[in-house]
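Trainee: Sequence first, predicted model second:
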Amino acid sequence: MRKDRRIKMKTRVSRIGSYAIASSMRDHPHQPSITCTTFNILSPIYKRLSHKDQNCRESDYRAYWLARNQRILVSLLHERSSVICLQEFWVGNEELVTMYEKRLGGAGYLNVKLGRTNNSGDGLLTAVHKDYFRVINYRELLFNDCGDRVAQLLHVELTTPASQYRNNDTCQEILIVNTHLLFPHDSSLCIVRLHQVYKILQYVESYQKEYNLNPLPIMLCGDWNGSKRGHVYKFLRSQGFVSSYDTAHQYTDADAHKWVSHLNHRGDVCGVDFIWLLNPNRYRKLLKTSWSEAVFGMFKNQLKKASLTEDNAFAFLKANDGDYITYLGFCEALRQLNITGHRHGLSVEETKDVWVQADIDGNGVVDHKEF
């Protein structure tokens, strides 16, 4: 399900910044530096105030959540980022929403908010500063999955003083996405998280085709609830996206231990907040190919967790009457590894797509070499 909103920039709107992550990119010598902030501000309905009483939440104490969000606003207003993406924004509280709209709206931002499905209470807020951007279009993507997750897409155009474009009539357009992926509470949810990213990239791809756009720079922001070691990270890297934090610090994919953003609700130190950038001129694989490879990576990881060697894994998958893997055997293995067999797993069509990638010579079976 999606919603399409055309937005006029004549109205005053909201503004946000943050101390969570800030990155900037300079795409053209005549264009200003663009700063971007992504920040999970922890909705009061989730913030626990007592380790002994797990039901004691900040949302029950107005003075607490009001003071904390006022401090957040002070920090955000101080940052003055060009683009701000918030997660766990308490859309269900009218007083808090109004406070953000008044404080941020007066600072020159256009903002759009989107609640998670099934009245979950929190959601997303994306703000762009009118001094830097004109919003061409706004779309909402509802995953309608077990996590009630959503995403926002803004199609914007850079706006700068006319004097800076005297010799250049073209303006840069950018696609900005804000999202908050599901937390991987157990292994069955890994495929759900990968699905969510796949849906976002499919949607971005179809949006550009729908409006006959040339490939645009893309900025993906949010709380991805996964580290640089995860399948989501590898999937996005295979599509040509780069982490702005890695670029700024000249880190590589192997430097996972150098990226820390916060402690999660389990008390684990982790790096989950990312600002991903895509140069549209860079070569990248077909989306479906990257998706299949990501699923295979998950498949391989599950086999490793089961302590199966390469030969044992092949024996586990192959048919009883031959030295090869059949489609039925492959499907059964996916089911046993919790990649299919539940309503949020791979669909029949997606399973077939993955099988086509595995069956390199197209003879209907996968031999040991292909495996």
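Mentor: In hand now; what should we look at? Residues are numbered from 1 along each chain as shown.
Trainee: make it CA atoms for all contacts and neighbour counts henceforth
Mentor: Will do.
Trainee: all helices in the stretch 101-250 of the chain, in order from the N-terminus.
Mentor: For the stretch 101-250 of the chain, the helices defined by DSSP state H, counting those that start in this stretch occupy 190-210, 231-238, 244-249.
Trainee: possible to save these as JSON lines with distance to I41?
Mentor: Putting those into JSON lines (distance: least, Cα to Cα, whole Å) gives the following:
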{"stretch": "helix 190-210", "distance to I41": "21"}
{"stretch": "helix 231-238", "distance to I41": "22"}
{"stretch": "helix 244-249", "distance to I41": "19"}
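Trainee: who wins for proximity to T309 among these?
Mentor: Across the helices of the stretch 101-250 of the chain, T309 has its closest neighbour in helix 231-238 (20.6 Å, Cα to Cα).
Trainee: Output the contacting helices and strands for the closest one.
Mentor: Identification of packing neighbours for helix 231-238 by 3 or more Cα pairs under 8 Å, 6 or more residues apart in numbering; DSSP states H and E yields helix 190-210, helix 287-305.
Trainee: Let's have the ones you listed in CSV, adding mean neighbour count.
Mentor: Listed next are these as CSV, based on neighbours: other Cα atoms under 10 Å:
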stretch, mean neighbour count
helix 190-210, 18
helix 287-305, 17
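Trainee: now those helices in JSON lines, with mean pLDDT and distance to Q250?
Mentor: Shown next, in JSON lines, are the helices and strands packed on helix 231-238 (pLDDT from 0 to 100; distance: least, Cα to Cα, whole Å):
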{"stretch": "helix 190-210", "mean pLDDT": "94", "distance to Q250": "25"}
{"stretch": "helix 287-305", "mean pLDDT": "86", "distance to Q250": "25"}
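Trainee: which regions of this protein lie under the pLDDT threshold?
Mentor: Scanning the chain for pLDDT under 70 picks out 1-32, 160-171, 187, 259-266, 270, 319-321.
Trainee: on that earlier part again, W90 is nearest to which of the helices and strands packed on helix 231-238?
Mentor: helix 190-210 (21.7 Å).
Trainee: Check which helices and strands that closest one sits against.
Mentor: Using 3+ Cα pairs under 8 Å, 6+ apart, the elements in contact with helix 190-210 are helix 231-238, helix 287-305.
Trainee: That one: how far from the chain's middle?
Mentor: Taking Cα atoms, centre = their mean, to the nearest Å, one finds helix 190-210 lying 10 Å from the centre of the chain it belongs to.
Trainee: Name the surrounding residues that touch it.
Mentor: 141, 143, 145, 151, 181-184, 214-215, 231-232, 287, 291, 295, 339, 344-346 (Cα atoms under 8 Å, 6 or more residues apart in numbering).
Trainee: and what of stretch 84-93?
Mentor: 15-18, 36-45, 96-97, 113-115, 121-128, 178-180, 221-223.
Trainee: let's go with 6 Å and repeat that
Mentor: The list of residues contacting stretch 84-93 from outside it, by Cα atoms under 6 Å, 6 or more residues apart in numbering, reads 16-17, 36-40, 42-43, 121-127, 178.
Trainee: which parts of it are buried?
Mentor: 84-92 (16 or more other Cα atoms under 10 Å).
Trainee: ranges for the helices of the stretch 251-371 of the chain?
Mentor: 287-305, 310-317, 327-336, 348-358.
Trainee: now those helices in JSON lines, with distance to S244?
Mentor: Formatted as JSON lines, those follow (distance: least, Cα to Cα, whole Å):
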{"stretch": "helix 287-305", "distance to S244": "21"}
{"stretch": "helix 310-317", "distance to S244": "36"}
{"stretch": "helix 327-336", "distance to S244": "35"}
{"stretch": "helix 348-358", "distance to S244": "31"}
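Trainee: of these, which approaches Y132 most closely?
Mentor: helix 287-305 (30.7 Å).
Trainee: what angle separates the closest one from helix 231-238?
Mentor: Helix 287-305 runs at 140 degrees relative to helix 231-238, counting by axes from the mean of the first three to the mean of the last three Cα atoms, to 10 degrees.
Trainee: okay if I get the helices and strands packed on helix 231-238 as JSON lines plus distance to F314?
Mentor: JSON lines is the format used below for those (distance: least, Cα to Cα, whole Å):
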{"stretch": "helix 190-210", "distance to F314": "22"}
{"stretch": "helix 287-305", "distance to F314": "10"}
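Trainee: closest one to H155 among those?
Mentor: Using Cα to Cα, these put helix 190-210 closest to H155, at 9.7 Å.
Trainee: That closest one vs helix 287-305, what angle?
Mentor: Using the same axes, to 10 degrees: helix 190-210 against helix 287-305 is 170 degrees.
Trainee: can you pull the alpha-carbon coordinates of helix 190-210 into CSV?
Mentor: What follows is helix 190-210, C-alpha atoms only, in CSV (Å, rounded to 0.1, in the frame of the first residue of the first chain):
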residue,chain,number,x,y,z
CYS,A,190,16.4,-12.1,9.5
ILE,A,191,14.5,-12.8,6.2
VAL,A,192,11.8,-10.3,7.2
ARG,A,193,14.5,-7.6,7.6
LEU,A,194,16.1,-8.4,4.3
HIS,A,195,12.6,-8.3,2.7
GLN,A,196,12.0,-4.8,4.1
VAL,A,197,15.2,-3.5,2.4
TYR,A,198,14.3,-5.4,-0.8
LYS,A,199,10.9,-3.7,-0.8
ILE,A,200,12.4,-0.3,-0.3
LEU,A,201,14.9,-0.8,-3.2
GLN,A,202,12.1,-2.2,-5.4
TYR,A,203,9.9,0.8,-4.6
VAL,A,204,12.7,3.3,-5.3
GLU,A,205,13.4,1.5,-8.6
SER,A,206,9.7,1.5,-9.6
TYR,A,207,9.2,5.1,-8.6
GLN,A,208,12.0,6.3,-11.0
LYS,A,209,10.5,4.2,-13.8
GLU,A,210,7.0,5.6,-13.1
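Trainee: Many thanks, have a good one.
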